[in-house]
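**Student:** no FASTA, just this:
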(Lines give C-alpha, C1' and ligand atoms only; values in the text may rest on other atoms or scores of the structure.)
Protein backbone atom coordinates (compact mmCIF):
# COMPACT_ATOMS: atom_id res chain seq x y z
CA UNK A 1 0.00 0.00 0.00
CA UNK A 2 2.87 2.40 0.75
CA UNK A 3 4.06 1.84 -2.78
CA UNK A 4 0.74 2.96 -4.25
CA UNK A 5 0.59 6.03 -2.04
CA UNK A 6 4.14 6.93 -3.04
CA UNK A 7 3.24 6.75 -6.71
CA UNK A 8 0.12 8.89 -6.23
CA UNK A 9 2.22 11.52 -4.47
CA UNK A 10 4.89 11.51 -7.19
CA UNK A 11 2.27 12.04 -9.88
CA UNK A 12 1.65 15.48 -8.44
CA UNK A 13 5.27 16.52 -8.50
CA UNK A 14 6.88 18.67 -11.15
CA UNK A 15 10.49 17.56 -11.51
CA UNK A 16 12.92 19.35 -13.79
CA UNK A 17 16.51 18.19 -14.11
CA UNK A 18 18.87 21.06 -14.83
CA UNK A 19 21.11 20.51 -17.84
CA UNK A 20 24.74 20.70 -16.85
CA UNK A 21 27.63 20.99 -19.25
CA UNK A 22 31.31 21.13 -18.34
CA UNK A 23 32.37 24.74 -18.09
CA UNK A 24 34.89 25.09 -20.91
CA UNK A 25 34.84 22.53 -23.75
CA UNK A 26 31.37 21.86 -25.14
CA UNK A 27 31.59 19.93 -28.39
CA UNK A 28 34.13 18.58 -30.84
CA UNK A 29 33.78 16.51 -33.98
CA UNK A 30 35.88 15.44 -36.92
CA UNK A 31 34.94 15.57 -40.59
CA UNK A 32 37.43 13.65 -42.71
CA UNK A 33 37.51 14.54 -46.39
CA UNK A 34 37.78 11.53 -48.74
CA UNK A 35 41.02 10.93 -50.61
CA UNK A 36 40.59 10.32 -54.34
CA UNK A 37 42.05 7.20 -55.94
CA UNK A 38 45.17 7.02 -58.09
CA UNK A 39 45.31 6.66 -61.89
CA UNK A 40 48.34 4.89 -63.33
CA UNK A 41 49.68 2.76 -66.18
CA UNK A 42 51.79 -0.33 -65.94
CA UNK A 43 54.83 1.61 -67.08
CA UNK A 44 54.60 4.21 -64.29
CA UNK A 45 55.26 3.65 -60.61
CA UNK A 46 52.37 4.39 -58.25
CA UNK A 47 52.44 7.83 -56.64
CA UNK A 48 52.13 8.10 -52.89
CA UNK A 49 48.72 9.48 -51.90
CA UNK A 50 48.85 12.57 -49.70
CA UNK A 51 46.12 12.37 -47.03
CA UNK A 52 43.96 15.42 -46.51
CA UNK A 53 44.08 16.49 -42.84
CA UNK A 54 40.59 16.21 -41.30
CA UNK A 55 38.66 19.33 -40.31
CA UNK A 56 38.10 19.36 -36.57
CA UNK A 57 35.36 21.56 -35.14
CA UNK A 58 35.43 22.44 -31.44
CA UNK A 59 33.11 24.54 -29.29
CA UNK A 60 34.12 26.05 -25.94
CA UNK A 61 32.12 27.68 -23.17
CA UNK A 62 33.49 30.70 -21.34
CA UNK A 63 35.70 30.07 -18.32
CA UNK A 64 35.40 33.69 -17.13
CA UNK A 65 33.19 36.67 -18.03
CA UNK A 66 32.27 39.90 -16.29
CA UNK A 67 32.19 43.67 -16.76
CA UNK A 68 33.76 46.74 -15.15
CA UNK A 69 32.04 50.06 -14.44
CA UNK A 70 33.69 53.47 -14.27
CA UNK A 71 31.45 55.05 -11.63
CA UNK A 72 31.80 51.97 -9.36
CA UNK A 73 35.53 51.70 -9.86
CA UNK A 74 36.26 49.29 -6.99
CA UNK A 75 33.27 46.96 -7.43
CA UNK A 76 33.44 43.50 -9.00
CA UNK A 77 30.55 42.00 -11.02
CA UNK A 78 31.98 38.53 -11.66
CA UNK A 79 28.91 36.59 -10.48
CA UNK A 80 26.35 38.59 -12.48
CA UNK A 81 24.22 36.79 -15.06
CA UNK A 82 24.79 39.62 -17.56
CA UNK A 83 27.91 41.50 -18.69
CA UNK A 84 27.18 45.08 -19.68
CA UNK A 85 28.28 47.77 -22.13
CA UNK A 86 27.75 51.52 -21.91
CA UNK A 87 29.41 54.53 -23.58
CA UNK A 88 28.36 57.36 -21.23
CA UNK A 89 31.25 59.54 -20.16
CA UNK A 90 32.07 58.98 -16.46
CA UNK A 91 29.86 55.84 -16.31
CA UNK A 92 31.46 53.69 -19.01
CA UNK A 93 30.94 49.91 -18.87
CA UNK A 94 33.21 47.36 -20.59
CA UNK A 95 32.88 43.57 -20.78
CA UNK A 96 35.54 40.87 -20.48
CA UNK A 97 35.31 37.24 -21.58
CA UNK A 98 37.85 34.38 -21.70
CA UNK A 99 38.01 30.79 -22.99
CA UNK A 100 40.41 27.91 -22.38
CA UNK A 101 41.52 26.46 -25.74
CA UNK A 102 44.42 24.44 -24.37
CA UNK A 103 42.86 21.21 -25.64
CA UNK A 104 43.65 22.30 -29.21
CA UNK A 105 47.16 21.09 -30.13
CA UNK A 106 49.71 23.88 -30.50
CA UNK A 107 50.55 22.69 -34.03
CA UNK A 108 46.95 23.13 -35.20
CA UNK A 109 46.16 25.41 -38.14
CA UNK A 110 42.98 27.41 -37.42
CA UNK A 111 40.79 27.83 -40.49
CA UNK A 112 38.00 29.73 -38.72
CA UNK A 113 37.03 30.88 -35.24
CA UNK A 114 33.95 32.80 -34.13
CA UNK A 115 32.89 34.26 -30.80
CA UNK A 116 29.14 34.31 -30.15
CA UNK A 117 27.58 36.60 -27.53
CA UNK A 118 23.83 36.74 -26.96
CA UNK A 119 21.93 39.85 -25.88
CA UNK A 120 19.72 39.22 -22.86
CA UNK A 121 17.31 42.05 -23.70
CA UNK A 122 16.65 44.67 -26.35
CA UNK A 123 19.46 47.27 -26.23
CA UNK A 124 18.51 50.72 -24.91
CA UNK A 125 17.44 53.07 -27.69
CA UNK A 126 20.47 55.28 -27.14
CA UNK A 127 22.79 52.38 -27.96
CA UNK A 128 21.07 50.98 -31.03
CA UNK A 129 23.23 51.37 -34.13
CA UNK A 130 26.39 52.22 -32.16
CA UNK A 131 29.63 50.38 -32.98
CA UNK A 132 31.14 48.02 -30.44
CA UNK A 133 34.67 46.73 -30.89
CA UNK A 134 36.38 43.59 -29.71
CA UNK A 135 40.05 43.73 -28.68
CA UNK A 136 42.50 41.14 -27.36
CA UNK A 137 43.28 41.46 -23.66
CA UNK A 138 47.04 41.64 -23.10
CA UNK A 139 47.37 41.23 -19.32
CA UNK A 140 45.89 38.94 -16.68
CA UNK A 141 42.59 39.37 -14.80
CA UNK A 142 40.26 37.21 -12.74
CA UNK A 143 36.50 36.96 -12.98
CA UNK A 144 35.85 37.60 -9.29
CA UNK A 145 38.70 40.09 -8.74
CA UNK A 146 38.76 42.53 -11.65
CA UNK A 147 37.38 46.06 -11.18
CA UNK A 148 37.48 49.27 -13.21
CA UNK A 149 40.61 50.31 -11.32
CA UNK A 150 42.35 46.97 -11.96
CA UNK A 151 41.08 46.20 -15.46
CA UNK A 152 43.63 44.61 -17.86
CA UNK A 153 45.36 46.26 -20.81
CA UNK A 154 44.20 45.57 -24.36
CA UNK A 155 45.67 45.43 -27.85
CA UNK A 156 45.86 48.57 -29.96
CA UNK A 157 44.39 46.58 -32.84
CA UNK A 158 40.65 45.94 -33.13
CA UNK A 159 39.81 42.28 -33.75
CA UNK A 160 36.25 42.82 -35.04
CA UNK A 161 33.29 45.19 -34.69
CA UNK A 162 29.50 44.90 -34.67
CA UNK A 163 26.64 47.39 -34.92
CA UNK A 164 24.31 47.18 -31.92
CA UNK A 165 20.92 45.91 -33.17
CA UNK A 166 17.49 47.08 -32.05
CA UNK A 167 16.35 43.71 -30.72
CA UNK A 168 17.79 40.95 -28.55
CA UNK A 169 19.68 38.33 -30.59
CA UNK A 170 22.99 36.48 -30.74
CA UNK A 171 25.93 38.33 -32.34
CA UNK A 172 29.04 36.79 -33.90
CA UNK A 173 32.60 38.12 -34.05
CA UNK A 174 35.35 36.70 -36.28
CA UNK A 175 38.39 35.88 -34.11
CA UNK A 176 40.38 33.47 -36.29
CA UNK A 177 43.69 35.34 -36.11
CA UNK A 178 43.47 35.76 -32.34
CA UNK A 179 42.95 32.04 -31.66
CA UNK A 180 45.79 31.14 -34.02
CA UNK A 181 48.02 33.62 -32.18
CA UNK A 182 47.24 31.89 -28.88
CA UNK A 183 48.22 28.53 -30.35
CA UNK A 184 51.42 30.11 -31.70
CA UNK A 185 52.45 31.25 -28.23
CA UNK A 186 50.69 34.57 -27.49
CA UNK A 187 49.32 34.60 -23.93
CA UNK A 188 45.58 33.96 -23.83
CA UNK A 189 43.77 36.50 -21.64
CA UNK A 190 40.52 36.61 -23.64
CA UNK A 191 38.83 39.67 -25.11
CA UNK A 192 37.39 43.02 -24.05
CA UNK A 193 34.25 44.42 -25.66
CA UNK A 194 33.73 48.16 -25.53
CA UNK A 195 32.03 51.01 -27.35
CA UNK A 196 34.08 52.55 -30.13
CA UNK A 197 33.49 56.07 -28.78
CA UNK A 198 33.19 56.27 -24.99
CA UNK A 199 32.32 59.94 -24.70
CA UNK A 200 28.63 60.31 -25.39
CA UNK A 201 25.22 59.49 -24.01
CA UNK A 202 23.96 55.94 -24.56
CA UNK A 203 21.99 53.17 -22.88
CA UNK A 204 22.98 49.75 -21.59
CA UNK A 205 23.74 46.78 -23.82
CA UNK A 206 23.59 43.49 -21.89
CA UNK A 207 25.02 40.10 -22.90
CA UNK A 208 24.40 36.80 -21.13
CA UNK A 209 27.28 35.35 -19.08
CA UNK A 210 28.11 31.69 -18.35
CA UNK A 211 26.21 32.06 -15.05
CA UNK A 212 22.97 32.79 -16.93
CA UNK A 213 20.28 30.12 -16.73
CA UNK A 214 19.68 30.10 -20.49
CA UNK A 215 22.37 27.57 -21.38
CA UNK A 216 22.12 27.90 -25.16
CA UNK A 217 22.75 31.65 -24.99
CA UNK A 218 25.92 31.64 -22.89
CA UNK A 219 29.16 32.90 -24.53
CA UNK A 220 30.56 30.39 -27.00
CA UNK A 221 33.75 30.09 -29.03
CA UNK A 222 33.60 27.88 -32.16
CA UNK A 223 36.92 26.86 -33.72
CA UNK A 224 37.57 24.85 -36.90
CA UNK A 225 41.13 23.63 -37.35
CA UNK A 226 43.33 20.95 -38.87
CA UNK A 227 46.34 19.07 -37.58
CA UNK A 228 48.98 19.23 -40.34
CA UNK A 229 50.30 15.85 -41.43
CA UNK A 230 53.92 15.70 -40.23
CA UNK A 231 56.64 15.01 -42.75
CA UNK A 232 58.26 11.74 -41.72
CA UNK A 233 61.95 11.92 -40.92
CA UNK A 234 64.16 9.85 -43.23
CA UNK A 235 64.88 6.40 -41.89
CA UNK A 236 68.62 5.97 -41.39
CA UNK A 237 70.22 3.00 -43.11
CA UNK A 238 71.63 0.77 -40.40
CA UNK A 239 75.27 -0.21 -40.53
CA UNK A 240 75.79 -3.91 -40.22
CA UNK A 241 77.84 -4.77 -37.16
CA UNK A 242 79.12 -8.25 -36.58
CA UNK A 243 78.07 -9.50 -33.16
CA UNK A 244 80.08 -12.36 -31.75
CA UNK A 245 77.91 -15.24 -30.67
CA UNK A 246 78.97 -18.54 -29.21
CA UNK A 247 76.42 -21.33 -29.32
CA UNK A 248 72.72 -20.29 -29.22
CA UNK A 249 72.02 -16.70 -30.39
CA UNK A 250 68.58 -15.49 -29.15
CA UNK A 251 66.34 -13.49 -31.46
CA UNK A 252 64.79 -10.34 -29.97
CA UNK A 253 61.01 -10.61 -29.63
CA UNK A 254 58.86 -7.51 -30.08
CA UNK A 255 56.70 -6.55 -27.13
CA UNK A 256 53.10 -7.70 -27.67
CA UNK A 257 50.65 -5.00 -28.76
CA UNK A 258 47.45 -4.54 -26.73
CA UNK A 259 44.63 -6.64 -28.16
CA UNK A 260 41.43 -4.94 -29.31
CA UNK A 261 38.01 -6.54 -29.29
CA UNK A 262 34.60 -5.39 -30.46
CA UNK A 263 32.16 -4.51 -27.72
CA UNK A 264 28.48 -3.52 -27.76
CA UNK A 265 27.12 -2.25 -24.45
CA UNK A 266 24.04 -0.56 -23.05
CA UNK A 267 24.05 2.52 -20.82
CA UNK A 268 24.54 2.00 -17.08
CA UNK A 269 23.42 5.49 -16.01
CA UNK A 270 21.52 8.41 -17.51
CA UNK A 271 20.57 12.04 -16.86
CA UNK A 272 18.21 14.26 -18.83
CA UNK A 273 16.89 17.78 -19.25
CA UNK A 274 13.68 16.54 -17.59
CA UNK A 275 11.79 13.32 -16.85
CA UNK A 276 8.11 12.45 -16.50
CA UNK A 277 8.53 10.77 -13.08
CA UNK A 278 11.52 9.24 -11.27
CA UNK A 279 9.97 5.77 -11.78
CA UNK A 280 7.53 5.67 -14.69
CA UNK A 281 9.18 7.21 -17.79
CA UNK A 282 12.16 8.36 -15.70
CA UNK A 283 15.76 8.59 -16.90
CA UNK A 284 16.47 5.19 -15.32
CA UNK A 285 14.18 3.65 -17.95
CA UNK A 286 16.83 4.44 -20.61
CA UNK A 287 19.40 2.30 -18.76
CA UNK A 288 20.18 -1.24 -19.84
CA UNK A 289 18.82 -3.33 -22.68
CA UNK A 290 15.53 -2.49 -24.45
CA UNK A 291 12.42 -3.63 -22.57
CA UNK A 292 9.62 -1.81 -24.41
CA UNK A 293 8.22 -4.10 -27.09
CA UNK A 294 5.71 -1.88 -28.89
CA UNK A 295 5.05 1.66 -30.08
CA UNK A 296 3.28 3.59 -27.34
CA UNK A 297 3.61 6.02 -24.48
CA UNK A 298 4.75 3.23 -22.12
CA UNK A 299 6.29 3.71 -18.68
CA UNK A 300 9.32 1.49 -19.40
CA UNK A 301 10.98 4.18 -21.58
CA UNK A 302 12.27 7.66 -20.74
CA UNK A 303 9.98 10.57 -21.57
CA UNK A 304 10.51 14.29 -20.84
CA UNK A 305 8.27 16.19 -18.48
CA UNK A 306 6.43 18.26 -21.09
CA UNK A 307 4.89 16.79 -24.26
CA UNK A 308 5.76 19.72 -26.49
CA UNK A 309 8.27 20.78 -29.14
CA UNK A 310 10.80 22.32 -26.74
CA UNK A 311 14.27 20.77 -27.23
CA UNK A 312 15.18 18.10 -24.68
CA UNK A 313 18.27 15.94 -24.17
CA UNK A 314 19.28 12.65 -22.60
CA UNK A 315 22.86 11.87 -21.61
CA UNK A 316 23.83 8.20 -21.20
CA UNK A 317 27.08 6.83 -19.78
CA UNK A 318 28.72 3.44 -20.32
CA UNK A 319 30.87 1.25 -18.13
CA UNK A 320 33.70 0.42 -20.54
CA UNK A 321 35.37 3.25 -22.52
CA UNK A 322 35.77 2.28 -26.20
CA UNK A 323 37.07 3.67 -29.46
CA UNK A 324 33.55 4.13 -30.81
CA UNK A 325 32.29 3.02 -34.22
CA UNK A 326 28.51 3.15 -33.86
CA UNK A 327 25.45 3.97 -31.81
CA UNK A 328 21.84 2.75 -31.63
CA UNK A 329 18.95 4.55 -29.94
CA UNK A 330 15.74 2.59 -29.33
CA UNK A 331 12.76 4.90 -30.00
CA UNK A 332 9.35 3.71 -28.81
CA UNK A 333 6.98 6.68 -29.14
CA UNK A 334 6.80 9.78 -31.38
CA UNK A 335 9.81 8.42 -33.28
CA UNK A 336 11.95 10.56 -35.57
CA UNK A 337 12.74 13.08 -32.85
CA UNK A 338 16.56 13.01 -32.72
CA UNK A 339 18.24 16.20 -33.98
CA UNK A 340 21.86 15.76 -32.85
CA UNK A 341 24.15 13.15 -31.29
CA UNK A 342 27.34 13.95 -29.35
CA UNK A 343 29.93 11.43 -28.18
CA UNK A 344 31.51 12.22 -24.80
CA UNK A 345 35.14 11.24 -24.39
CA UNK A 346 36.84 10.21 -21.15
CA UNK A 347 38.04 13.80 -20.61
CA UNK A 348 34.45 15.11 -20.71
CA UNK A 349 34.76 16.72 -24.16
CA UNK A 350 31.66 16.57 -26.39
CA UNK A 351 32.13 15.52 -30.04
CA UNK A 352 29.19 16.14 -32.35
CA UNK A 353 29.04 13.03 -34.53
CA UNK A 354 25.66 13.51 -36.25
CA UNK A 355 23.05 16.18 -36.99
CA UNK A 356 20.15 15.91 -39.39
CA UNK A 357 16.63 14.54 -39.86
CA UNK A 358 15.82 11.34 -38.00
CA UNK A 359 13.84 8.90 -40.24
CA UNK A 360 13.14 6.27 -37.56
CA UNK A 361 9.74 4.55 -37.46
CA UNK A 362 7.83 3.55 -34.32
CA UNK A 363 9.05 1.49 -32.65
CA UNK A 364 12.40 1.69 -34.34
CA UNK A 365 16.17 1.72 -33.99
CA UNK A 366 18.03 4.90 -34.89
CA UNK A 367 21.50 3.63 -35.84
CA UNK A 368 24.55 5.56 -37.01
CA UNK A 369 28.00 4.20 -37.84
CA UNK A 370 31.20 6.15 -38.34
CA UNK A 371 34.95 5.83 -38.63
CA UNK A 372 36.50 4.59 -35.39
CA UNK A 373 37.19 7.50 -33.06
CA UNK A 374 40.75 8.36 -32.11
CA UNK A 375 39.56 9.06 -28.54
CA UNK A 376 37.89 6.81 -25.99
CA UNK A 377 34.16 7.30 -25.53
CA UNK A 378 32.21 6.57 -22.34
CA UNK A 379 29.14 8.73 -22.84
CA UNK A 380 26.57 9.92 -25.38
CA UNK A 381 24.30 12.97 -25.47
CA UNK A 382 21.12 12.74 -27.57
CA UNK A 383 19.23 15.92 -28.45
CA UNK A 384 15.50 15.59 -29.18
CA UNK A 385 12.56 17.72 -30.31
CA UNK A 386 9.00 16.61 -31.07
CA UNK A 387 5.42 17.80 -30.77
CA UNK A 388 4.30 15.32 -28.20
CA UNK A 389 6.19 13.22 -25.68
CA UNK A 390 9.11 11.33 -27.22
CA UNK A 391 9.96 7.98 -25.56
CA UNK A 392 13.51 6.55 -25.53
CA UNK A 393 13.94 2.99 -24.27
CA UNK A 394 17.69 2.24 -24.51
CA UNK A 395 21.03 3.40 -25.90
CA UNK A 396 23.69 1.04 -27.23
CA UNK A 397 27.30 2.04 -27.89
CA UNK A 398 29.51 -0.03 -30.22
CA UNK A 399 33.29 0.20 -30.40
CA UNK A 400 36.67 -1.39 -29.89
CA UNK A 401 37.98 -1.96 -26.36
CA UNK A 402 41.66 -2.22 -25.48
CA UNK A 403 41.15 -3.87 -22.11
CA UNK A 404 44.07 -6.21 -21.56
CA UNK A 405 43.39 -9.95 -21.56
CA UNK A 406 44.40 -10.24 -17.91
CA UNK A 407 42.34 -7.26 -16.73
CA UNK A 408 40.06 -7.51 -13.73
CA UNK A 409 36.80 -5.66 -14.26
CA UNK A 410 33.75 -4.60 -12.28
CA UNK A 411 30.56 -4.44 -14.33
CA UNK A 412 26.93 -3.75 -13.49
CA UNK A 413 23.91 -5.55 -14.90
CA UNK A 414 22.69 -4.51 -18.35
CA UNK A 415 19.36 -6.35 -18.21
CA UNK A 416 17.18 -8.07 -15.63
CA UNK A 417 14.09 -10.22 -15.17
CA UNK A 418 12.36 -11.43 -12.01
CA UNK A 419 9.81 -13.82 -10.58
CA UNK A 420 7.55 -10.77 -10.17
CA UNK A 421 7.79 -6.99 -10.13
CA UNK A 422 5.82 -4.26 -8.40
CA UNK A 423 4.74 -2.69 -11.71
CA UNK A 424 5.78 -2.58 -15.34
CA UNK A 425 7.35 0.84 -14.76
CA UNK A 426 8.19 1.83 -11.20
CA UNK A 427 10.17 -0.80 -9.25
CA UNK A 428 10.35 -3.17 -12.21
CA UNK A 429 13.16 -5.69 -12.68
CA UNK A 430 15.23 -3.26 -14.75
CA UNK A 431 15.46 -1.12 -11.62
CA UNK A 432 18.29 -3.48 -10.65
CA UNK A 433 20.26 -2.75 -13.83
CA UNK A 434 22.95 -0.11 -14.23
CA UNK A 435 24.83 1.71 -11.51
CA UNK A 436 23.36 2.18 -8.00
CA UNK A 437 21.07 5.23 -7.90
CA UNK A 438 19.35 4.91 -4.50
CA UNK A 439 21.21 6.82 -1.78
CA UNK A 440 19.51 5.68 1.41
CA UNK A 441 17.36 2.97 2.98
CA UNK A 442 14.07 3.71 1.28
CA UNK A 443 11.01 2.18 -0.34
CA UNK A 444 11.72 3.78 -3.70
CA UNK A 445 10.51 3.37 -7.28
CA UNK A 446 14.13 3.26 -8.56
CA UNK A 447 14.93 -0.24 -7.24
CA UNK A 448 13.44 -3.63 -8.09
CA UNK A 449 10.73 -4.86 -5.76
CA UNK A 450 8.51 -7.95 -6.11
CA UNK A 451 4.76 -7.68 -6.68
CA UNK A 452 3.69 -8.62 -3.16
CA UNK A 453 4.76 -8.06 0.42
CA UNK A 454 4.22 -11.69 1.42
CA UNK A 455 6.83 -14.11 2.74
CA UNK A 456 7.01 -16.20 -0.43
CA UNK A 457 10.28 -16.87 -2.23
CA UNK A 458 11.25 -14.52 -5.10
CA UNK A 459 14.19 -14.30 -7.51
CA UNK A 460 15.98 -11.72 -9.62
CA UNK A 461 18.11 -12.72 -12.60
CA UNK A 462 20.55 -10.21 -14.16
CA UNK A 463 22.88 -10.41 -17.15
CA UNK A 464 26.10 -8.57 -18.01
CA UNK A 465 27.83 -7.21 -21.11
CA UNK A 466 31.24 -8.83 -20.59
CA UNK A 467 31.86 -12.54 -20.10
CA UNK A 468 34.35 -13.00 -17.25
CA UNK A 469 35.90 -15.65 -15.07
CA UNK A 470 34.10 -14.47 -11.94
CA UNK A 471 35.63 -13.76 -8.54
CA UNK A 472 32.89 -11.80 -6.77
CA UNK A 473 29.29 -10.53 -6.69
CA UNK A 474 27.89 -7.46 -4.93
CA UNK A 475 24.15 -6.87 -4.46
CA UNK A 476 23.02 -3.35 -3.45
CA UNK A 477 20.12 -3.78 -1.00
CA UNK A 478 18.08 -0.64 -0.29
CA UNK A 479 14.96 -1.71 1.67
CA UNK A 480 14.18 -4.44 4.23
CA UNK A 481 17.69 -5.84 3.81
CA UNK A 482 18.95 -9.28 4.79
CA UNK A 483 16.68 -11.08 2.34
CA UNK A 484 19.12 -13.03 0.12
CA UNK A 485 19.01 -16.81 0.53
CA UNK A 486 21.02 -18.06 -2.44
CA UNK A 487 23.29 -16.73 -5.23
CA UNK A 488 23.94 -18.67 -8.45
CA UNK A 489 26.30 -17.75 -11.27
CA UNK A 490 25.11 -18.32 -14.84
CA UNK A 491 27.76 -19.38 -17.33
CA UNK A 492 27.81 -18.64 -21.04
CA UNK A 493 26.10 -21.99 -21.78
CA UNK A 494 23.18 -21.14 -19.49
CA UNK A 495 24.20 -23.49 -16.67
CA UNK A 496 23.47 -22.35 -13.09
CA UNK A 497 26.23 -22.72 -10.46
CA UNK A 498 25.21 -22.10 -6.83
CA UNK A 499 28.09 -20.13 -5.33
CA UNK A 500 26.55 -19.17 -1.97
CA UNK A 501 23.60 -19.95 0.30
CA UNK A 502 23.02 -19.03 3.90
CA UNK A 503 21.85 -16.18 6.13
CA UNK A 504 22.17 -12.63 4.80
CA UNK A 505 23.08 -10.09 7.53
CA UNK A 506 23.29 -6.96 5.35
CA UNK A 507 22.37 -3.61 6.95
CA UNK A 508 20.06 -1.08 5.25
CA UNK A 509 21.15 0.31 2.90
CA UNK A 510 24.01 -2.10 2.41
CA UNK A 511 26.15 -4.08 0.04
CA UNK A 512 25.89 -7.85 0.16
CA UNK A 513 29.30 -8.97 -1.16
CA UNK A 514 30.67 -12.45 -1.68
CA UNK A 515 34.09 -13.36 -3.05
CA UNK A 516 35.30 -16.75 -4.17
CA UNK A 517 38.06 -18.52 -6.08
CA UNK A 518 38.06 -17.57 -9.75
CA UNK A 519 35.65 -19.73 -11.73
CA UNK A 520 36.93 -22.10 -14.39
CA UNK A 521 33.98 -21.09 -16.60
CA UNK A 522 32.97 -17.73 -18.03
CA UNK A 523 30.05 -15.98 -16.32
CA UNK A 524 27.57 -13.51 -17.86
CA UNK A 525 24.67 -13.72 -15.43
CA UNK A 526 23.67 -13.99 -11.76
CA UNK A 527 20.50 -15.31 -10.13
CA UNK A 528 19.64 -13.98 -6.67
CA UNK A 529 17.03 -15.86 -4.61
CA UNK A 530 15.24 -13.86 -1.90
CA UNK A 531 12.70 -14.31 0.88
CA UNK A 532 11.28 -11.54 3.06
CA UNK A 533 8.12 -11.17 5.15
CA UNK A 534 7.88 -7.58 3.92
CA UNK A 535 8.96 -6.10 0.57
CA UNK A 536 12.62 -6.48 -0.46
CA UNK A 537 14.36 -4.09 -2.88
CA UNK A 538 17.54 -4.42 -4.98
CA UNK A 539 19.05 -1.34 -6.60
CA UNK A 540 21.99 -2.83 -8.55
CA UNK A 541 24.12 -5.94 -9.01
CA UNK A 542 27.88 -5.88 -9.68
CA UNK A 543 29.94 -8.75 -11.07
CA UNK A 544 33.72 -8.86 -10.59
CA UNK A 545 35.98 -11.04 -12.69
CA UNK A 546 38.85 -11.32 -15.15
CA UNK A 547 39.13 -11.94 -18.88
CA UNK A 548 41.80 -14.59 -18.40
CA UNK A 549 40.94 -17.91 -16.78
CA UNK A 550 42.70 -19.49 -13.78
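**Tutor:** Sure, I can see it. For clarity, every value in this text was computed on a predicted model and none was experimentally measured.

**Student:** distance between stretch 84-98 and the chain's centre?
**Tutor:** 36 Å (C-alpha atoms, centre = their mean, to the nearest Å).

**Student:** Just the endpoints, please. Distance across it?
**Tutor:** 15 Å (C-alpha to C-alpha, to the nearest Å).

**Student:** swap in stretch 274-294?
**Tutor:** End-to-end distance for stretch 274-294: 23 Å, by C-alpha to C-alpha.

**Student:** Now do the buried residues in that stretch.
**Tutor:** The neighbour-count check on stretch 274-294 (16 or more other C-beta atoms under 10 Å) flags 274-292 as buried. For glycine as for every other residue, the C-beta is placed from the backbone atoms N, C-alpha and C.

**Student:** can you check stretch 450-463 too?
**Tutor:** 450, 453, 458-463.

**Student:** end-to-end on that stretch?
**Tutor:** One end of stretch 450-463 to the other measures 18 Å (C-alpha to C-alpha).

**Student:** try stretch 477-485
**Tutor:** 13 Å.

**Student:** contacts for it?
**Tutor:** Stretch 477-485 is contacted by residues 438, 440-444, 447, 449, 457, 475, 501-512, 528-532, 534-539 when judged by C-beta atoms under 8 Å, 6 or more residues apart in numbering.

**Student:** make it 7 Å
**Tutor:** 438, 441-444, 447, 475, 501, 504-510, 512, 528-532, 534-539 (C-beta atoms under 7 Å, 6 or more residues apart in numbering).

**Student:** what's the answer for stretch 335-352, then?
**Tutor:** By C-beta under 7 Å, 6+ apart, stretch 335-352 touches 22, 25-29, 103, 321, 324, 327, 329, 353-355, 358-362, 364, 366, 368, 373, 375-386, 390.

**Student:** Give the next helix or strand downstream of the helix or strand hosting residue 332.
**Tutor:** In this assignment (DSSP states H and E), residue 332 forms part of strand 312-333. Scanning forward in sequence from strand 312-333 by DSSP H and E, the next helix or strand is strand 338-345.

**Student:** distance between the helix or strand that that following strand is followed by and the chain's centre?
**Tutor:** As assigned by DSSP H and E, the chain's next helix or strand after strand 338-345 is strand 350-355. Offset of strand 350-355 from its chain centre (C-alpha atoms, centre = their mean): 11 Å.

**Student:** how much does strand 350-355 deviate in direction from strand 338-345?
**Tutor:** Relative orientation of strand 350-355 versus strand 338-345 (axes from the mean of the first three to the mean of the last three C-alpha atoms, to 10 degrees): 150 degrees.

**Student:** Now strand 350-355: buried residues?
**Tutor:** In strand 350-355, counting by 16+ other C-beta under 10 Å, buried: 350-354.

**Student:** Just name the closest of those residues to residue 488, please.
**Tutor:** Nearest to residue 488 out of those is residue 353 (C-beta to C-beta; 40.5 Å).

**Student:** Quick check: the closest one vs residue 376, distance?
**Tutor:** 14 Å (C-beta to C-beta, to the nearest Å).

**Student:** just residue 282 next, same as before
**Tutor:** Taking C-beta to C-beta, one finds residue 282 at 28 Å from residue 376.

**Student:** any idea where the helices of the stretch 1-150 of the chain begin and end?
**Tutor:** All helices of the stretch 1-150 of the chain, identified by DSSP state H, counting those that start in this stretch, fall at 2-11.

**Student:** low-confidence ranges in it?
**Tutor:** 1-54 (pLDDT under 70).
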